[in-house]
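Trainee: Structure for this input, please:
(chains A, B, C and D)
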Protein chains: 4
Amino acid sequence: MQARRSSRVSAPRRKALHHPLDRDLVEDLVAANRTLARLGVLDAFGHISVRDPRNPHRYLISRSIAPESVTAADILLLDLDSQIVEPKDEDKLLYRERFIHGEIYKARRDVNAVVHSHSPTVVPFTVTRAKLQPLLHNAGFLGLGVPLFEIRKHAGDGTDLMILTPNLGKDLAKKLGPEAAVVLMRGHGDSVVGPSLPNAVFRAYYTEINARQQLAAITIGGPINFMTRAEALTSNHAMLNASARPWALWRKRALAEL
Amino acid sequence: MQARRSSRVSAPRRKALHHPLDRDLVEDLVAANRTLARLGVLDAFGHISVRDPRNPHRYLISRSIAPESVTAADILLLDLDSQIVEPKDEDKLLYRERFIHGEIYKARRDVNAVVHSHSPTVVPFTVTRAKLQPLLHNAGFLGLGVPLFEIRKHAGDGTDLMILTPNLGKDLAKKLGPEAAVVLMRGHGDSVVGPSLPNAVFRAYYTEINARQQLAAITIGGPINFMTRAEALTSNHAMLNASARPWALWRKRALAEL
Amino acid sequence: MQARRSSRVSAPRRKALHHPLDRDLVEDLVAANRTLARLGVLDAFGHISVRDPRNPHRYLISRSIAPESVTAADILLLDLDSQIVEPKDEDKLLYRERFIHGEIYKARRDVNAVVHSHSPTVVPFTVTRAKLQPLLHNAGFLGLGVPLFEIRKHAGDGTDLMILTPNLGKDLAKKLGPEAAVVLMRGHGDSVVGPSLPNAVFRAYYTEINARQQLAAITIGGPINFMTRAEALTSNHAMLNASARPWALWRKRALAEL
Amino acid sequence: MQARRSSRVSAPRRKALHHPLDRDLVEDLVAANRTLARLGVLDAFGHISVRDPRNPHRYLISRSIAPESVTAADILLLDLDSQIVEPKDEDKLLYRERFIHGEIYKARRDVNAVVHSHSPTVVPFTVTRAKLQPLLHNAGFLGLGVPLFEIRKHAGDGTDLMILTPNLGKDLAKKLGPEAAVVLMRGHGDSVVGPSLPNAVFRAYYTEINARQQLAAITIGGPINFMTRAEALTSNHAMLNASARPWALWRKRALAEL
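Mentor: Predicted coordinates for the structure are as follows:
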C-alpha cells in the first residue's frame, strides 16, 4: 500500500495526482462503503474511515454523501483533529460527525478503521436494558465489551444525539475504552473499530447479524447460551484472519458494480 | 423552479406544453414516488403530492396508478378542493383519496408535501394501544405528536376506511393538527407531511424505520429509552437540512432507472 | 377475452394453435405466477389457475414447474375432474394437488381463479390457535371467514398433508364453504379464491401482508382493533375494483421480464 | 453422471483434464453453492460437498472461498480424511472445517451430500431450549430428529466453536446419528445431509424456512400443532422426489447467472 507520487504530470496522471492517496486503499474504502450499504448496515447516512498507512496521524474518509454512492473522487484525507488535509483547494462538504473517527484514532493506536452506522437492529439494543452479547461465533469480538454511550450524560438533554464536536468525539472514544470493538450510541447507532478495514467491515456486519439473532433468541424465550468470554476471545482472534474471505468477495462485487 | 410557458408551440415544445409545470418539480415528484416504492413504504397503492410553488392553492399529484410506475406524463395539477386544473382536456382517473392532500394543504400553510401510504410496519401501530414514539434520532419529528385518526368515529361503522370525501379529508387534517408531521389512520396507514418534498419523503421513510425499531425494542422488552421532547425537536430541526443527503441519492437513483 | 380459432393454419399460426387458448388470458396466468413468486407468496411450489371463460367446466393451469419459471407454453387446459383436455398429444407432468382447483370450481360457481401457496407468514397461523382476522383495509375479504382445513381429520394421521385425491379436494372445498375467500391448510399454506384472476392474486398477496401485520400487532401486545364485519364487507367490495390498479403494474412488470 | 477421461489431450481438453470430474456434477455443486447463497442460507461462509459417484471414498467441495463466488475451476476432490486428491499439483486453500464433510461420509453411507451453513434463523435455535420441530410439510425431514452439538462438551471451553480437527468431525457425525438429516451446532449453525445433492439443498433451505415459521408461531403464542412423526416421515419420503422441482429452477437460474 505504497503511495504513488510523481513530479512531472502527464494527462492521465493528472487525475491520479488529484488523489495522491494509495489507489488500492482508496478502492478498499469505496468498496467498504458500498458493501455495507448493500448489506443494509449503512442507510443513506453513516461513514467509514481508514487510517493512512503512510502517516498514522491522518485518515481517509469520503466527503459528505450517501455511502452507496461513494467513488474514488469523493475520498478525502483528514488529520486527527478531523480537519481537511487533501485536497486543500476544494470546498468539499465534510461529515459533521467526523470527530467520531479522529478522536478514536487518537485514543486507540490499535485501531486502523472505523465504521459509524445506524445499524437497524442494533439501534433497539441502544434504548433497552438487554445487553448485546455474542451468540454467533463470527461475532466473538462482542465479548470485548459493548459499552453504551448515553449522550444525555455528556451533552445534556436537548441535543440531536449527534457527535458534532471534538469533545463529544473524545467522550465517545473514552466510552469505547481500550479494548472494545463496538460502542453503542443511544437512539442513534454504533461505531465499530478494527485493526484493519476488512476486519472493521466484517465486525460492523456481524454486529448487525448478532443483534438480529439475539432478537430472535429473545423471541424464542428462556435463557440464551451466549458464548463464554474464552470462546469469544478465541473466536475474535480467529476472525482477524477469517474476515479476509468475505472481504475478497465483497470488495470484488462492490468494485464490479462501479 | 420557474414554470415554462410558450405561446407558439413547435413540435418539441408541444410535449413540454402538455406539462407546463416546472420540470424539476415534476421530476422530484416522479423520483419521490419511485423511491418510496423501492424502499417498501409504498406498495401498489399510496400517493404523494407537492404544493405548486407558483400558486399555493394548487398541488401536483400523479393520476391514479401504482407509485412505482409514475412518470412525468402522469403528473396532474389539482386545486385545493382536489379538482383537476391541468390537463383539462383529458380524462385522467384521479386518486379517490386525493382529498387527504387538498384538505391538509388548506389547513396547514407550513406544509408543502404530503405522503399517504400503507407503510407496512406503521399499520400495526394503528390498531394497537402502544404509542409510536421517536427512538431513532432521524425520527425526531415523531416528537411533534402522532395522532391516530379512527375513521369509525367520523364516518361510522361500515366504511372501507378510505378518505373518499372532502369532509373526511377535513376531519383527517383536523386530527393531524397544527404541528404534527404524521397522522396514523386506523387499519389503513398514515399520512406524513413536511415543509418540502425531500423532507416529507425522508419523514415517511423514517416513520417506517422507527416503527420497525420500536417493534424490535418491544420484543427485547423492558422500558424503552425514547427521545425526550427536547431531543426530538432539536433532531427534527437538524433533519430539515440533513434530509438533503439521502434525497440527493434517492432522486438520482430513481431517475436513472427511468 | 375471446378465444381465437382458425381452420387454415399458416406457419406463424401453428404456434398459436398449439395454444388455442385465449392469448391474453394465458398471459394473465403467466404474469400471475411470476408476480406472486416475486412478491414472496409463492416459493418454488404452489400453483394458480383460472376458469376458462369459454367453458366454465374447464380451467387453465401450468404444468408442474416452479411458478417463477412458467411461460405461455406451459399452460394446460384441464376439466373440473382435473384431467387434461389440451394438449392431448403431449405427456406433461401435472401438479399432484390440482384437485384443489377442480373441486373448488365445482363447488363455487362464483369463483373464477384459485391460488394455492405456502404463503410464508400464513403458515404459522395454520398451526396456532390465533385467528387470522382482517386489520388492513386491503384485506377486508378475510372478514368473509378464514376456515382452517385440518387434513388429519379427513385423511387420518400419517399423510404428507397434501391434497392428492379428488375426495380431499372436495373436503377442502367444503371447508372453504360458500362465502370465504381463503381456506387455511394446516402445516401447509392456504388456498385463495376470487371472482377474477387479478382479484385472486390481490387477495393472495394481502392475505400474506395481513398475516405479517397481525404478527407485528401481536408482538406490540394488547387488544387488536380488527375491522368490524361491516367494514370488512365494504372494503372487500371496494377492492373488487381497486385490485385492478396493482394488477396493471404487476402484469406489465412480469411480462416485461419474460 | 459418467466421468470423462482422456489419454491424449488436445488444447481444449487440457482444461477438461484439469477437472477430470463429472462436468454435470461439478455444475450441480456450483449451482448448489450459488443457490443457497442467493436464498440467504449461506452467507460469505459455509460450504457444500457431494460424494463422488465414481468412488464413494471421495467427495467434491470448493476450495476455500465464499459460496456465492464458486465456479467450476474451484471444485476439488478430497478423500474421506479430507485430504486433497485432485488437483495434486496446486496449492489450493482448503476449508478449515472440511472434516465435517469427510467424517459424516464415513459414518453415514446413506449420505451423498452435506451442507454446512450459518443459516440465520437456525442459529437462535442452537442457543435456546426450544426444540426445532417440523411444522411445514416441506420440512418433514426434521421429524428424523434435530440433535444439538454442544462443542463445549467435546472440546472444552475456549474454542472458536469450529470443527477444525478430524476428531471433532467424528464427534459431530456421532451426534448427527444414524437417521437425522440435520445436526444443530451451538452458536454456529447447522450441517444438513441428504441422499442426493438436490435433496440436501432442499433440506438446508426448508430448515431455515421452518425455523422462521416456528419463530413466528412462538410469537403468535399458545401450543403449536407440529407435524406428527408419522406425517413427518411420510412428508420426508414424498419430498425425496419433490425436491426435483425447485432444484430444476434453482440450478437453471444459478448457472444462467454465471
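Trainee: in which helix or strand would I find A:Ser82?
Mentor: Under DSSP states H and E, no helix or strand contains A:Ser82.
Trainee: That one is in contact with A:Ile104, isn't it?
Mentor: No: contact status for A:Ser82 versus A:Ile104: not in contact, 10.7 Å apart, counting by CB atoms under 8 Å. Quick note: C-beta positions are derived from backbone N, CA and C, even for glycine.
Trainee: Tell me which of the two has more neighbours.
Mentor: Using other CB atoms under 10 Å in any protein chain shown as the criterion, A:Ser82 and A:Ile104 rank with A:Ile104 on top: 26 against 21.
Trainee: what sits against that one?
Mentor: A:Val111, A:Val114, A:Gly169, A:Leu172, A:Ala173, A:Leu176, A:Ser191, A:Val193 (CB atoms under 8 Å, 6 or more residues apart in numbering or on different chains).
Trainee: Next, format those residues as CSV and append secondary structure, pLDDT and neighbour count.
Mentor: Conversion of these to CSV gives the following (DSSP: H, G, I helix; E, B strand; the rest coil; pLDDT from 0 to 100; neighbours: other CB atoms under 10 Å in any protein chain shown):
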residue, secondary structure, pLDDT, neighbour count
A:Val111, coil, 98, 21
A:Val114, strand, 98, 28
A:Gly169, helix, 98, 24
A:Leu172, helix, 98, 24
A:Ala173, helix, 98, 26
A:Leu176, helix, 98, 26
A:Ser191, strand, 98, 30
A:Val193, strand, 98, 27
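Trainee: Which of those residues sits closest to chain C?
Mentor: The nearest member of the contacts of A:Ile104 to chain C, counting by CB to the nearest CB, is A:Ser191 at 29.0 Å.
Trainee: That closest one bridge partners, please.
Mentor: A:His116, A:Val183 (DSSP bridges).
Trainee: how close does the residue of the stretch 1-150 of chain A found nearest chain B sit to D:Leu161?
Mentor: Going by CB to the nearest CB, chain B is nearest to A:Ala44 of the stretch 1-150 of chain A, at 3.3 Å. Applying CB to CB, to the nearest Å, the value for A:Ala44 to D:Leu161 is 35 Å.
Trainee: and the host helix or strand of A:Glu27, what other elements does it pack with?
Mentor: Under the criterion of DSSP H and E, A:Glu27 resides in helix A:23-38. On a contact count with 3 or more CB pairs under 8 Å, 6 or more residues apart in numbering or on different chains; DSSP states H and E, helix A:23-38 meets strand A:47-51, strand A:58-62, strand A:75-79, strand A:113-117, helix A:197-220, helix A:244-256.
Trainee: Most tightly packed of those?
Mentor: Most buried of the helices and strands packed on helix A:23-38, by mean neighbour count (mean count of other CB atoms under 10 Å in any protein chain shown): strand A:113-117, with a mean of 29.
Trainee: CA-only coordinates of that strand in PDB, if you can.
Mentor: Provided in PDB are the C-alpha atoms of strand A:113-117 (Å, rounded to 0.1, in the frame of the first residue of the first chain):
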ATOM      1  CA  ALA A 113     -10.500   1.600  10.600                       C
ATOM      2  CA  VAL A 114     -13.800   3.000  12.000                       C
ATOM      3  CA  VAL A 115     -17.400   2.300  10.800                       C
ATOM      4  CA  HIS A 116     -20.200   4.600  12.100                       C
ATOM      5  CA  SER A 117     -23.700   3.400  11.200                       C
END
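Trainee: All set now, cheers.
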